[in-house]
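*Asks:* A predicted structure for the sequence below; I have some questions about it.
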Amino acid sequence: MSWLGVFLLALQTALGFPAASYALAATGLNLQFGYTGLSNFGMVAFLMMGAYGMAISADRGWGIWVGFALGITAAVVLALLLGIPTLRLRADYLSVVTIATAEILRLVIAARPSADLTGAARGIGGLSSNLGFFKPNFIPEGSYGIGDDFVFNSRQLWSMLVCWTLVLLATLLIRAWVRSPWGRVLRAIREDEDAARALGKNVVVYKLQSFVIGGVIGSLAGAMIALDSGSVGPARWIAPLTFALYTVVILGGAGTVWGPVVGAVVYWFVLDFADGALNNLWFDVSDTTSGAFRLTLMGIGLMLLMVFRPQGILGNKKEAFASAR
Amino acid sequence: MPDDALSTSAVATDPFADVPATPGAPKPDPILVADGVRRRYGGLTAVDVDHLELQRGVITSLIGPNGAGKTTFFNLLTGFDKANEGTWTFEGERADGVRPHHLARRGMVRTFQLTKALGRMTVLDNMLLAGRDQTGESALTSLLRPLWRDEEAANTERAHELLTRFKLDALADEYAAGLSGGQRKLLEMARALMTDPSLVMLDEPMAGVNPALTQSLLGHVTALRDEGMSVLFVEHDMDVIMTISDWVVCMAEGTIIAEGRPADIAGNDAVIEAYLGIDHGNTTTGEIR
């Protein structure tokens, strides 16, 4: 493969559905972590709610809208169940509880007794045909793009269109929120919640609101992933996905409106470019090696970013350094 | 204004004329009344206050040696810590067991010993945050800007007024973390005023501040009283206390050991003992043989 091909293939992922779904999930996480300072290390659990809400609805023949509603409801319930007991406590408790809950939920979903509902380890397939996600697709069959490496088929374009539209809507909503006095209270809580309390703000309620809204956006991302891939299994919803979302948020700039979008695009471009480059060398690199190596590269990249640009790509340098007292 | 209102105002007559200088003395017009407030940490009783009344419209200072329980008492009154026992009222209404943000909305605002300037927010945002009952602070109405635009403009105007008064107006758009220690103290006081309080509780506002700024902070504290607010502040520096207090409450080992006008306190044996240690008479000054 030519180096141009490697570049174009990476660009395809960076503009395609993978980046769109990560951008959506990261937008939710950014509200929680970037604006409110909530360390939710179980973001993947909210994606799981959305994905399985959609899958279970498809399985029972309830349709796509019930699928979204089911996922959103499950995300709200999960956020309240996790948030009400832990958001009153110190920040560390939320991290521990969320990371453990995400893992427990994944194991419960994969366990044999859950098979009737979740399909256990096999998961649930045939989603798109049951739900008709691609039915409204007006894009004619065929492939679109440049050359052989930067091409999308009509179904891919439809997924991209729907998911990037959701990203845009979610981002505009968050933008309106964080620029309002409501968003100002969230930022105050991130800085010092006792100060916010002393000024008459009901800190727990604000944290819960931020946690629920971020979780619902995460569940939408999960639902989109389920719709795009057409099947849902438990193997995908592991803790490293949460950490990838943190990478996206920090890369783009935590607490910035467009940070998650930029972060997701850059994340997927770097990851896939590294992958392509490793396979394009003069000697053979096995898949497992390149898979591990690209994550190593991502880690090094993130470290360099923290050293030289801790505010992320879009972050305001003055604001980031303001926290260093 | 009717004549009798003028004659009973705090400035015109001494509100403490008939108040005895004894711990737990009743005040003519108390804004805060505390009864039997106790806070224990294991075997240690950090706060053990039988009765305290704070007079409205004056500056009351809470003094005492390190570890006397001043800040703990402060935290209890403002809802930041939970008392094991005790009741207290603020403006005649029950205030124990009430969460801090409710007390703040009722007009009891506090500052912290370690300044809590919100670093990654601008000075102006720090001020605007403190505005009371903002429509735009609800998750739903915040999305409809026309509902809160006027309110925000009014708050911004008031914030600028207060910043000007505290000589921070030039820094309005700077991040609060960029301010010096003294400026942060000023910002915290200005921010507290933004909540339209009736009782301002300052926890060591002069700690770690240079003498010139101390004078300016003192001026601001006096101005609060002159505008009709009640002030309770914790302080170590005796000179500061003697200069601006109308009434002094002295704590030691969790209890109130003395109360009175600054002049009463200056000569109070219990206070001197608490600060300087127990006077053992001649034995401690005797020659070494």
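*Replies:* Here it is on my side, so go on. Numbers count the residues shown, from 1 in each chain, chains lettered A, B, ... in the order given.

*Asks:* Which helix in the chain has the most residues?
*Replies:* Going with chain A. Scanning chain A for the longest helix, with DSSP state H as the assignment, gives helix A:203-229.

*Asks:* that's the other chain; I wanted chain B
*Replies:* Of all the elements of type helix in chain B, the one with the most residues (DSSP H) is helix B:145-165.

*Asks:* Enumerate every residue touching A:Trp182.
*Replies:* Each residue near A:Trp182 by Cβ atoms under 8 Å, 6 or more residues apart in numbering or on different chains is listed here: A:206, B:136-139, B:142. For glycine as for every other residue, the C-beta is placed from the backbone atoms N, C-alpha and C.

*Asks:* pLDDT on the host helix or strand of it, on average?
*Replies:* According to DSSP states H and E, A:Trp182 maps onto helix A:181-191. Averaging the model's pLDDT scores along helix A:181-191 yields 96.

*Asks:* what do you get for stretch B:58-74?
*Replies:* Taken as a whole, stretch B:58-74 carries a mean pLDDT of 90.

*Asks:* Pull out the buried residues from that stretch.
*Replies:* Using 16 or more other Cβ atoms under 10 Å in any protein chain shown as the burial criterion, the residues of stretch B:58-74 that qualify are B:58-65, B:68-74.

*Asks:* now, which of the residues you listed sits nearest chain A?
*Replies:* B:Phe74 (11.2 Å; Cβ to the nearest Cβ).

*Asks:* Please look at the closest one and B:Asp203 and confirm they touch.
*Replies:* Yes: under the criterion of Cβ atoms under 8 Å, B:Phe74 lies in contact with B:Asp203, with a separation of 5.5 Å.

*Asks:* what sits in contact with each of those two?
*Replies:* Once Cβ under 8 Å, 6+ apart is applied, the residues that B:Phe74 and B:Asp203 both contact turn out to be B:110, B:234.

*Asks:* still on that earlier bit, so what angle separates the directions of the helix holding A:Trp182 and helix A:203-229?
*Replies:* For the pair helix A:181-191 and helix A:203-229, the angle between their directions (axes from the mean of the first three to the mean of the last three Cα atoms, to 10 degrees) equals 100 degrees.

*Asks:* So which elements touch the next helix or strand after the longest helix of chain B?
*Replies:* Tracing the chain C-terminally past helix B:145-165 and defining elements by DSSP H and E, one meets helix B:181-193 next. The helices and strands touching helix B:181-193, judged by 3 or more Cβ pairs under 8 Å, 6 or more residues apart in numbering or on different chains; DSSP states H and E, are helix B:123-129, helix B:145-165, strand B:199-203, helix B:211-226.

*Asks:* Next, the buried residues of helix B:181-193.
*Replies:* The neighbour-count check on helix B:181-193 (16+ other Cβ under 10 Å) flags B:182-193 as buried.

*Asks:* Please apply the same query to stretch A:42-52.
*Replies:* When burial is assessed from 16+ other Cβ under 10 Å, stretch A:42-52 yields the following buried residues: A:42-52.

*Asks:* cool, stretch B:31-47 as well?
*Replies:* Residues B:31-35, B:37-39, B:46-47 are the ones in stretch B:31-47 that count as buried (16+ other Cβ under 10 Å).

*Asks:* re earlier: from the buried residues of stretch A:42-52, pick the one nearest chain B.
*Replies:* When the buried residues of stretch A:42-52 are ranked by distance to chain B (Cβ to the nearest Cβ), A:Phe46 comes first, at 18.1 Å.

*Asks:* wait, the closest one sits on A:Val212?
*Replies:* No: under the criterion of Cβ under 8 Å, A:Phe46 makes no contact with A:Val212, lying 9.8 Å away.

*Asks:* Spit out the residues that contact the two alike.
*Replies:* Among the neighbours of A:Phe46, those also in contact with A:Val212 (Cβ under 8 Å, 6+ apart) are A:75, A:79.

*Asks:* Chain neighbours aside, what residue packs nearest to the spatially most central residue of chain B?
*Replies:* For chain B, the residue whose C-alpha lies nearest the mean C-alpha position (Cα atoms, centre = their mean) is B:Met201; its distance is 1.8 Å. In this structure, B:Met201 finds its nearest non-sequential neighbour in B:Arg110, 4.2 Å apart by Cβ to Cβ, 6 or more residues apart in numbering or on different chains.

*Asks:* who's in contact with that neighbour?
*Replies:* Contacts of B:Arg110 were listed using Cβ under 8 Å, 6+ apart, and they are A:198, B:74, B:78, B:80, B:104, B:192, B:200-203.

*Asks:* Of the helices and strands packed on helix B:181-193, which shows the lowest average pLDDT?
*Replies:* Mean pLDDT is lowest for helix B:211-226 among the helices and strands packed on helix B:181-193, at a mean of 89.

*Asks:* any residues touching the helix or strand following that one, and which ones?
*Replies:* Counting by DSSP H and E, the next helix or strand C-terminal to helix B:211-226 is strand B:230-234. For strand B:230-234, contacts defined as Cβ under 8 Å, 6+ apart pick out B:31-32, B:54-63, B:70-71, B:74, B:113, B:198-205, B:221, B:224-225.

*Asks:* repeat for stretch B:248-260
*Replies:* Stretch B:248-260 has contacts (Cβ under 8 Å, 6+ apart) with B:21-25, B:39, B:45-50, B:52, B:60-65, B:67-70, B:72-73, B:241, B:247, B:261-262, B:264-265, B:268, B:270-271, B:274.

*Asks:* Can you pull the residues of the stretch 1-150 of chain B lying near chain A?
*Replies:* Where the stretch 1-150 of chain B comes near chain A, counting by Cβ under 8 Å from any Cβ of the partner chain, the residues are B:78, B:80, B:99-102, B:104-105, B:109-112, B:116, B:118-121, B:125, B:128-132, B:134, B:136-139, B:142-143, B:145, B:148.

*Asks:* Just the buried ones from the residues you listed?
*Replies:* Applying 16+ other Cβ under 10 Å to the residues of the stretch 1-150 of chain B next to chain A, the neighbour count classes B:78, B:80, B:100-101, B:104-105, B:109-112, B:116, B:118-121, B:125, B:128-132, B:134, B:136-139, B:142, B:148 as buried.

*Asks:* mind giving me the domain split of chain B?
*Replies:* Structural domains annotated on chain B: B:20-117+B:196-289, B:121-178, as defined by automatic domain parsing.

*Asks:* Let's see the pLDDT reported for B:Gly286.
*Replies:* Note on B:Gly286: pLDDT of 45.

*Asks:* Can you list the low-confidence ranges for the chain?
*Replies:* With no chain named, the answer covers chain A. Per-residue confidence for chain A (pLDDT under 70) gives these ranges: A:1, A:320-325.

*Asks:* my bad, the chain I had in mind was chain B
*Replies:* Applying pLDDT under 70 to chain B flags residues B:1-13, B:278-289.
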